[in-house]
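# return a 3D structure for these sequence lines:
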Amino acid sequence: MEWIYSINKAIAYMEEHMTEDVSLCDIAASVNISPFHFQRAFSMMAGMTPAEYMRKRRLSLAGSELAGGSVKVIDIALQYGYDTPESFSKAFSRFHGVTPQQAKSGCALNFFNRLSLKMIIEGGSTMNYTIEKWEAMDLLVHTTKVQPETSDSEIPKFWDEYFANEKYSKVPGYLGVCAQQKTDDGAFIYGIGCKASDVDGVPEGFELLHIPEYEWVVFKCVGPSPDAIQKVWDQIYREWLPTTEYEIVQEYDIENYLPGDPSSADYVSEICIPIKRGSGNASHA
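Now for the predicted structure:
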């Protein structure tokens, strides 16, 4: 997949629907990417979430319209998705530093330009990875349903709850698994656990997750967790995916936390992603 092309195409979709009620699922579907992968890729490439981008653009455009002086604040508030003038005024003031009424009087306003991503090839960056063929496997996991927009806060909280619950201690929690679900709200299943062969039976609170046979790319992450693994995720989307001949299979990805001290400088973890040879179609995932 040509990720830069796809993200820019998604930005064009957002710009065309800036005054409409569009969801993350709508935006991701416009470029045939799962909401989970789109949220992650956009955030890492753009430095902000899709929701943040649309909020900033809407408030910027609203300021430009109010600067004309003849439009009503309530009309602009409703046009850009705010239910009340009060909620609009609050958001507007935080962004511009002035109220909507002051903007109508000709105050200086902030302007947030439309985003356009470009790929810049830079040297000096090394990524340690292997391409491996894995047979189908079963994982034993404790799961929760996660929304892509809130995954950055939900997943760490889920890990904390896992290790705080004594009944889960019988299952070694060294795998973090994202399983894509074909749902209208774009939610995905996140699981914590291990290979099913590590434990006898299926303890209460756990389930078996069957992973089909795939070719996988396995990235080695060295350094304290979670910083090292987040750094490699950033490299994957910024450097590896835009230039590789492979495409992500948007079904699963696995983070493997190997034995050792997660806070040490030489701690090793892995990011494992199923892949396939690219089709050459930039908008097809």
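
# for the stretch 151-285 of the chain, what spans make up the strands?
175-180, 188-195, 207-211, 214-222, 246-248, 252-257, 268-277 (DSSP state E, counting those that start in this stretch).

# name the helices or strands packed onto the shortest one?
The helices and strands touching strand 246-248, judged by 3 or more CB pairs under 8 Å, 6 or more residues apart in numbering; DSSP states H and E, are strand 268-277. (Glycine included, C-beta is placed from N, CA and C.)

# the strand it packs on pairs with which strands, parallel or anti?
Under the criterion DSSP bridges, strand 268-277 sits next to strand 214-222 (antiparallel), strand 246-248 (antiparallel), strand 252-257 (antiparallel) in its sheet.

# which of the ones you listed has the lowest mean pLDDT?
Mean pLDDT across these is lowest at strand 246-248; the value there is a mean of 91.

# ok so, going back, can you add mean neighbour count and give the strands paired with strand 268-277 back as JSON lines?
Conversion of the strands paired with strand 268-277 to JSON lines gives the following (neighbours: other CB atoms under 10 Å):
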{"stretch": "strand 214-222", "mean neighbour count": "18"}
{"stretch": "strand 246-248", "mean neighbour count": "20"}
{"stretch": "strand 252-257", "mean neighbour count": "21"}
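
# same list (the ones you listed) but as JSON lines, adding distance to G97.
Listed next are the strands paired with strand 268-277 as JSON lines, based on distance: least, CB to CB, whole Å:
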{"stretch": "strand 214-222", "distance to G97": "40"}
{"stretch": "strand 246-248", "distance to G97": "41"}
{"stretch": "strand 252-257", "distance to G97": "41"}
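
# the ones you listed: which one's closest to K145?
Counting by CB to CB, K145 lies closest to strand 252-257 out of the strands paired with strand 268-277; the figure is 15.5 Å.

# what residues are up against Q101?
For Q101, the contacting residues are V73, by CB atoms under 8 Å, 6 or more residues apart in numbering.

# just the element for it, please.
Under DSSP states H and E, the secondary-structure element containing Q101 is helix 100-104.

# check the offset of that helix from the chain's centre.
35 Å (CA atoms, centre = their mean, to the nearest Å).

# buried residues, it. List them.
Buried residues in helix 100-104, counted by 16 or more other CB atoms under 10 Å: 100, 102-104.

# which parts of this protein are helices?
In the chain, helices defined by DSSP state H lie at 3-16, 24-29, 35-46, 50-66, 73-79, 85-96, 100-104, 151-164, 227-235, listed in chain order.

# return the most buried member of those helices.
Using mean count of other CB atoms under 10 Å, the stretch among the helices of the chain with the largest mean neighbour count is helix 35-46, at a mean of 23.

# can you tell me what sits against that one?
3-4, 7, 10, 24-25, 27-28, 31, 33, 49-50, 53, 115, 117, 148-149, 151, 178, 180, 186, 188, 233-234, 237-238, 241, 248, 250, 285.

# make it 7 Å
3, 7, 10, 24-25, 27-28, 49-50, 53, 115, 117, 148-149, 178, 180, 186, 188, 233-234, 237-238, 248, 250 (CB atoms under 7 Å, 6 or more residues apart in numbering).

# angle of that helix against helix 50-66?
Here helix 35-46 points in a direction 60 degrees away from that of helix 50-66 (axes from the mean of the first three to the mean of the last three CA atoms, to 10 degrees).

# pLDDT on helix 35-46, on average?
Averaged across helix 35-46, pLDDT comes to 91.

# centre of the chain to it, how far?
Its chain's C-alpha centre and that of helix 35-46 lie 4 Å apart, by CA atoms, centre = their mean.

# now stretch 224-233
15 Å.

# check stretch 219-228 too.
Per CA atoms, centre = their mean, the centroid offset for stretch 219-228 relative to its chain is 18 Å.

# in the sheet, who's paired with the closest residue to Y174 other than its chain neighbours?
Using CB to CB, 6 or more residues apart in numbering and skipping the chain neighbours, the partner closest in space to Y174 is Y257 (4.8 Å). As for beta bridges, Y257 partners with S269 under DSSP bridges.
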